[in-house]
Structure formats: C-alpha cells, structure tokens
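**Student:** have a look at this prediction, sequence included:
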Amino acid sequence: MPAESQLGLGIVITLVVVALAFDFMNGFHDAANSIATVVSTRVLKPYQAVLLAALFNFVALFVFHLSVATTIGRGIIDQAIVDHYVVFGALVGAIAWNIITWWYGIPSSSSHALIGGLVGAAVAKAGTHSLIAGGILKTVAFIFISPVLGMVFGALLMLAVSWLFVRSTPSRVDRWFRRLQLLSSSAYSLGHGGNDAQKTAGIIWMLLIAAGYLGTQDPLPLWVVVSCYVMIGLGTAFGGWRIVKTMGQRITKLRPVGGFCAETGGAAMLFIATGLGIPVSTTHTITGAIVGVGAAQNVSAVRWGIAGDLLWAWILTIPCSAFMAALAWAVGRALLS
C-alpha cells in the first residue's frame, strides 16, 4: 500500500477514535438526563440508574431507523467541503464545550455542541455558503420546540394522573409510581440512545465518504452504528454526576409521580423527533418536561431563575462551540498537514 494511502488510513482511524471519544463524552455528559429524575425520587440508587440507562441506550440500536444520522451526515454542511480538518475541528470544538459545561455543572446540549462544531469548522474552511440552511434552521428551531413540547407533554401527563388518582392516598400513589418510573426511565434512556448515538454515527459516515472509503450513496456500515451505541452506553454508565443535582433537584422538587410524568413526556418528544430524523437535545427535552411537571402542580414550585440561566446556556452552545471548532480547524490544519 502506498505511503499516502497509509497516512490517509491513519488519519481516518485517529478521527474515528476521536469521534467515539465524543460519543463517550456525550453519554457521560448526558447521563443526568436519563437518571436525574429516577435518582432524585430515590426509586433507584445512582449505580442502578446508570446501568439501566446504559442498557437502554444500547437497546435503541434495535428500535430506531438511522434518520438522525442521515441528517447529521448529509443535512447540516455541504459534503463536498468535508475533509479531515473539518471533522477534526467539529469534534474538538464539541468536546471542548462539553468539558467546560460538565465542569461547571451546566446541562447544555451535546447535540447542539456537535452541530455548532460542524458549522464553525465548515465556515472556517469555506464560508457560510457551505452550510445547508434547511437542516440548520430545523435544528435551531428545535432548541425552543423540544423543551416547549416536553413541558406541554409533562404538564398534561401530570394533570391527567392527578385527575385519575384524585381519590388515592399519597402513599398509594408513590407506591404505584415508584414501579412505573422504572418503565418511564427506561423509555427516556431508549429515546436518548436512539437520538444521540446516531449523531456521532453521522459524523463518522461523513468522514468515511470524504476519505473515499464509502460512496455518497453507500449505507452506513454496521460496525459504525454498533460502535456508537456501545460508546454512548459506556459513557452513560460512568455518569456525569455534576449535572444530576441541577436536573433532579434544583429546577423543582420531584416525587415518583412527577418523575414518571417528566420522563414519559420527554420520551414521547424524543421518539417523535428521532422518527422524523431531527437531532434534538435530550437535555432541553427533559428540562422542559421537568418544568412542565412542576408548573402543573404549582407555578411557584419551579425555580424560574435557574430555568432562565439554563436557557442562556442553550442559546450560547452553538455559537460557542462553533467558535472553538473554527480555532480547532486552524490548529488541525497546522498539525495534520
């Protein structure tokens, strides 16, 4: 094999490893989305919750089609400008933002960090004409749509459950929903794995096409899909504990019935988005659902100041990760050329 081909293969392998590292970080960073409610209601111990979440992250492999991977791989930036520098910049920008927000316990979106990374690296290389407006606008719109729908679903479920169990004692309700929360937590983890693992798969797909190892019409290889689901499950199993307290305790106080409604409402939103191929934020979705549950019980039960602070973090994620990705693209050009 010629030296140039070997170098090309070496760079591709390195970037696949970096992509899988991002996937692990995604699971690690977003573990709180799946486990915060079930841990804060004390239905499961933390180690039990992360193992359950990790299992259903992987089970999602057998449930969902690869619509989100297609959106990431072909619907955000022009495939013609993609090279290893662009992929390197996108991944490093997304990983850097995830580390910063994890360190400060801010539940930001790994999904939007990745999309911001793609945007920043693409613009650094080829300008704004390299962006696919439809895919980006759809993703940006769901920064607001996914938490609003999560909030609506969570609130409606909470109101429906309150009406159905109006004659039941609080202890009986708790007893029932401690069991049901195992199902709702599993469903949310299934939706999390189905939407988020596909985003990294889309990046690797994009890289393999750009490197010439796949044609533009070739399907996503099975080894890529399996690797991404395994890595996000492993990341979840290690857990992002700093964010659990913010998600499970600081926004509003949750009991098992509230945890069930938040997880079920969030899962419904994720199932819809994944079926439509829309890369949404699991963080935004579960936060909206938690707010909806709290507001359905008592508007004053929600700490709106904290919810407002989270909104600012969400708005800043794409531009900040894009900026870091543009810097990483420049560094990559110097290091990998």
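**Tutor:** Arrived safely. Numbering: from 1, shown residues only.
**Student:** give me the below-cutoff pLDDT ranges for the protein.
**Tutor:** 1-7, 32-34, 107, 239-253, 299-310, 336-337 (pLDDT under 70).
**Student:** how many other residues sit next to residue 216?
**Tutor:** Burial measure for residue 216: 9 neighbouring residues, criterion other Cβ atoms under 10 Å. No exception for glycine: its C-beta is placed from N, CA and C like everyone else's.
**Student:** before we move on, what SS does it have?
**Tutor:** For residue 216, the secondary structure call by DSSP: H, G, I helix; E, B strand; the rest coil comes out as coil.
**Student:** going forward, the N-terminal residue is numbered 236.
**Tutor:** Understood, numbering begins at 236; the last thing we discussed is residue 451.
**Student:** which parts of the stretch 386-535 of the chain are helices?
**Tutor:** Under the criterion DSSP state H, counting those that start in this stretch, helices of the stretch 386-535 of the chain are mapped to 405-445, 457-473, 476-480, 491-510, 517-532.
**Student:** touching, residue 258 and residue 461? I think so.
**Tutor:** No - applying Cβ atoms under 8 Å, one finds residue 258 not in contact with residue 461, separated by 11.7 Å.
**Student:** just want to know which of those two has more residues nearby.
**Tutor:** residue 258 (29 against 14).
**Student:** and the strand or helix carrying that one, what's buried?
**Tutor:** Remark: residue 258 resides in helix 238-275, with elements defined by DSSP states H and E. Counting neighbours by 16 or more other Cβ atoms under 10 Å, one finds that the buried residues in helix 238-275 are 243, 246-247, 250-251, 253-255, 257-275.
**Student:** still on that earlier bit, from the helices of the stretch 386-535 of the chain, which stretch is densest packed?
**Tutor:** Between the helices of the stretch 386-535 of the chain, the one whose residues have the most neighbours on average, counting mean count of other Cβ atoms under 10 Å, is helix 517-532 (a mean of 29).
**Student:** quick one: distance of the next helix-or-strand element following that helix to the chain centre.
**Tutor:** Where DSSP H and E defines the elements, the next helix or strand beyond helix 517-532 is helix 539-571. Centroid separation for helix 539-571 versus its chain: 15 Å, with Cα atoms, centre = their mean, to the nearest Å.
**Student:** are there helices or strands packed against helix 539-571, and which ones?
**Tutor:** Using 3 or more Cβ pairs under 8 Å, 6 or more residues apart in numbering; DSSP states H and E as the contact criterion, the secondary-structure elements in contact with helix 539-571 are helix 319-338, helix 345-361, helix 368-399, helix 517-532.
**Student:** can you check what angle separates the last one from helix 405-445?
**Tutor:** Put simply, helix 517-532 runs at 160 degrees to helix 405-445, going by axes from the mean of the first three to the mean of the last three Cα atoms, to 10 degrees.
**Student:** of all the helices of the stretch 386-535 of the chain, which one is nearest residue 381?
**Tutor:** Among the helices of the stretch 386-535 of the chain, the nearest to residue 381 by Cβ to Cβ is helix 517-532 (4.8 Å).
**Student:** got the angle for the closest one vs helix 368-399?
**Tutor:** Interaxial angle of helix 517-532 relative to helix 368-399 (the same axes, to 10 degrees): 30 degrees.
**Student:** dump helix 517-532 to PDB, keeping only the CA atoms.
**Tutor:** The C-alpha atoms that make up helix 517-532 are tabulated as PDB, following Å, rounded to 0.1, in the frame of the first residue of the first chain:
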ATOM      1  CA  THR A 517     -32.200  15.400  25.200                       C
ATOM      2  CA  THR A 518     -31.100  18.000  27.800                       C
ATOM      3  CA  HIS A 519     -33.500  20.600  26.600                       C
ATOM      4  CA  THR A 520     -36.300  18.000  26.300                       C
ATOM      5  CA  ILE A 521     -36.100  16.600  29.900                       C
ATOM      6  CA  THR A 522     -35.600  20.100  31.400                       C
ATOM      7  CA  GLY A 523     -38.800  21.300  29.700                       C
ATOM      8  CA  ALA A 524     -40.600  18.200  30.900                       C
ATOM      9  CA  ILE A 525     -39.400  18.700  34.500                       C
ATOM     10  CA  VAL A 526     -40.500  22.400  34.300                       C
ATOM     11  CA  GLY A 527     -43.900  21.300  33.000                       C
ATOM     12  CA  VAL A 528     -44.500  18.800  35.800                       C
ATOM     13  CA  GLY A 529     -43.500  21.400  38.400                       C
ATOM     14  CA  ALA A 530     -45.700  24.100  36.900                       C
ATOM     15  CA  ALA A 531     -48.700  21.700  36.600                       C
ATOM     16  CA  GLN A 532     -48.600  21.300  40.400                       C
END
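**Student:** hmm, back to that, would you list the helices of the stretch 386-535 of the chain in JSON lines and tack on distance to residue 344?
**Tutor:** Formatted as JSON lines, the entries for these read as follows, by distance: least, Cβ to Cβ, whole Å:
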{"stretch": "helix 405-445", "distance to residue 344": "10"}
{"stretch": "helix 457-473", "distance to residue 344": "14"}
{"stretch": "helix 476-480", "distance to residue 344": "12"}
{"stretch": "helix 491-510", "distance to residue 344": "13"}
{"stretch": "helix 517-532", "distance to residue 344": "5"}
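**Student:** so which of those helices gets nearest residue 341?
**Tutor:** helix 476-480 (7.5 Å).
**Student:** residue 286: how many residues sit nearby?
**Tutor:** The local packing count at residue 286 equals 16, with neighbours defined by other Cβ under 10 Å.
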